[in-house]
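Visitor: model this:
(chains A and B)
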Amino acid sequence: MKNLKPYRTAFRVHAIQETRYRGAVLGGVVTQGAFGAIMVALYAALIDPADQTLLRETVTYVWLQQILFRVLFHKDSELSDQVMSGNVCYQLLRPVDPHTWWLFRAVAEKVVGVAMRLAPMLAIQLILPDRYRMALMDGPVSLAQFLVSLGIGFLVIAQINLICQAINMITLDSRGVSGMINLVMMVLSGNIIPLTLFPDRLRLLIRYQPFAQSLDAPIRMYLHAMPVREWLLNLGVQLLWLILLWLLSRALWRRNLNRIVIQGG
Amino acid sequence: MRYVMDALRMNLRAAAQYRKSFLMQCFSQLVMTAGDLWAVLLLMERFGHMGHWEPGQILFFFGIMQITFSFTEIINRGLSTFSSNMIRSGGFDTVLLRPRGLLAQVILSRADPRRIGSILVGAAAASFATAVLGLRWTLPNVLLLLWSMAGTVCLLMGLFLIESIVSIFSVQSIEMVNVLTYGGRQACQYPIDLYPRPIRLLFTFVVPIALCLQAPVSLVLGRPILKASAAAVWLFPLTGFAFFALTGLFWRIGVRHYRSTGS
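Guide: Residues are numbered from 1 along each chain as shown, chains lettered A, B, ... in the order given. The predicted model follows:
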């Protein structure tokens, strides 16, 4: 078992760094709260009032997506700064695996980011009229399933973020390709429209694509505790995609780190 | 006027310098807006009619809103980078020394022509909707639409201007304005009468996108959302111009209090 200590340190340092961004938390809560309210209002208008279950589920789905919004993106510009300034060579000289290092940082950012926003976002729920409020989870089993799946989901998104970073390493243009990947991720992870609202003919495709393994899978478990077999199936799909994305992201990192041109320094 | 043309030419040429990157980013914008469009189409497929609106009409709302917003983003670059580009680096001092209007300089200093990809998607959606609905492009209709889009562009610019004014005084960016602009786009993609009262009131009286854009559009569609005469609807876009004029006033007050951070 390789020594995890440097990676745990990377996690802790970046986690502490993330707690400094308190102003961003307020801004994030206001934005996600407002967008959540707009979307929830729209769906409440569109969904047949007789179908209370669908409405409650959709509302809960939307709010969970907004609460977990910070998880989707990676605001760590340090890697691109390092590449631009040439300091990346110091990072590469260290006896740690860069890919794992940045992975731990990414996960730290997500965990702390969500934790910091959790209380205010839940507070918003309390001031909403009942119609627009999210529901509680479907029992303790549901909660357990949700948390396990969410953990894997964090790792899935982290790998997608790392893939984007690998692309940016070479192109140095964070707006082009990774912008598109981010938009695709927003739509296909259920942030723009709940995946549960997608038309039936797309159901299979939508459920098993990699982006759905990030937030959609855990949210569905939150909404309904799954029977064991179904749960294992969903978990299996998540893990499968996690492994595939992990391999891809490692391969891209290795390839791009070898090709990196040290600028300046 | 010649100043405006020179500024436009300069901005276009700057974008064309890195042609491949520019085209790539245009394409990226196109894809992103296509994603928004896809979301609308999915909802229409799932729900059919939205309230009492037909899918074609929803598509038309979406298209016009996209065109308007994306056009605003094209000319807005100077304002949105105002705080980072001019205040923090002290570049505003240079602007103050020039014998030209301050606001005009700031706005014309930069443009974001990449958004043309988004405009294309919006235009495609609106055109398709026109075909599906059998809308007739009469001269009054076209003029009303252009007039209302111009008013909405001014309204949105006024909102972004508020952000710039705040940046003169503090480093904080106010998220509230982002909620009103980007949230406004998100919300007003769909007819405002779908929403509950608080949101309707917000976008009718505080940030009158519903007045400037949706009321005229709904008139063109033949299903007005407000009980107002056609003449009144023609007057609504004036609220957008008025909003911009008002925020422009605050801008002038803010500039008077500007203290340079040095350069």
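Visitor: Any regions of chain B where pLDDT drops low?
Guide: For chain B, the stretches flagged by pLDDT under 70 are B:1, B:261-263.
Visitor: Now for the residue nearest the centre of it, which secondary structure element holds it?
Guide: With distances taken as C-alpha atoms, centre = their mean, the residue of chain B nearest its centroid is B:Phe69 (3.2 Å). Assigned by DSSP states H and E, B:Phe69 belongs to helix B:55-75.
Visitor: ok, then the element right after that helix?
Guide: Elements were assigned by DSSP H and E; along the chain past helix B:55-75, the next helix or strand is helix B:77-80.
Visitor: anything in that following helix near chain A?
Guide: No: judged by C-beta under 8 Å from any C-beta of the partner chain, helix B:77-80 stays clear of chain A, getting no closer than 13.1 Å. For the C-beta atoms, the positions are set from N, CA and C on the backbone; glycine is no exception.
Visitor: got the contact list for A:Pro210?
Guide: A:156, A:160, A:241, A:244-245 (C-beta atoms under 8 Å, 6 or more residues apart in numbering or on different chains).
Visitor: Which ones among those residues map onto helices?
Guide: The helices, defined by DSSP state H, take in A:156, A:160, A:241, A:244-245 from these.
Visitor: Give me every residue in the stretch 101-250 of chain B that's in contact range of chain A.
Guide: B:172-173, B:175-176, B:178-179, B:183, B:186-187, B:190, B:194-196, B:199.
Visitor: Would you quantify the distance from the residue nearest to the centre of chain B to B:Ile119?
Guide: From B:Phe69 across to B:Ile119, the span is 9 Å (C-beta to C-beta, to the nearest Å).
Visitor: Mind telling me the two of the residues of the stretch 101-250 of chain B next to chain A farthest from one another?
Guide: Farthest-apart pair in those is B:Gln172 and B:Leu194; separation 33.4 Å (C-beta to C-beta).
Visitor: Settle it for me: which of the two has more neighbours?
Guide: Applying other C-beta atoms under 10 Å in any protein chain shown to B:Gln172 and B:Leu194 shows that B:Leu194 carries more neighbours, namely 20 against 12.
Visitor: Just the element for the residue nearest to the more buried one when sequence neighbours are not counted, please.
Guide: Nearest non-adjacent residue to B:Leu194, counting by C-beta to C-beta, 6 or more residues apart in numbering or on different chains: A:Ala45, 4.4 Å away. Using DSSP H and E, A:Ala45 maps to helix A:22-46.
Visitor: How about the secondary structure of the residue lying closest to A:Arg12 once chain neighbours are set aside?
Guide: Nearest residue to A:Arg12, sequence neighbours excluded (C-beta to C-beta, 6+ apart): A:Ala108, at 7.4 Å. With DSSP: H, G, I helix; E, B strand; the rest coil as the basis, A:Ala108 sits in helix.
Visitor: burial count for A:Ala108?
Guide: The tally of other residues near A:Ala108 (other C-beta under 10 Å) stands at 22.
Visitor: sec struct for residue 121, please.
Guide: If you meant another chain, say so; for now it's chain A. At A:Met121 the chain is in helix, as set by three-state DSSP.
Visitor: biggest separation within the ones in helices among the contacts of A:Pro210, which pair?
Guide: Top of the distance list for the ones in helices among the contacts of A:Pro210 (C-beta to C-beta): A:Ile160 and A:Leu244, 11.3 Å.
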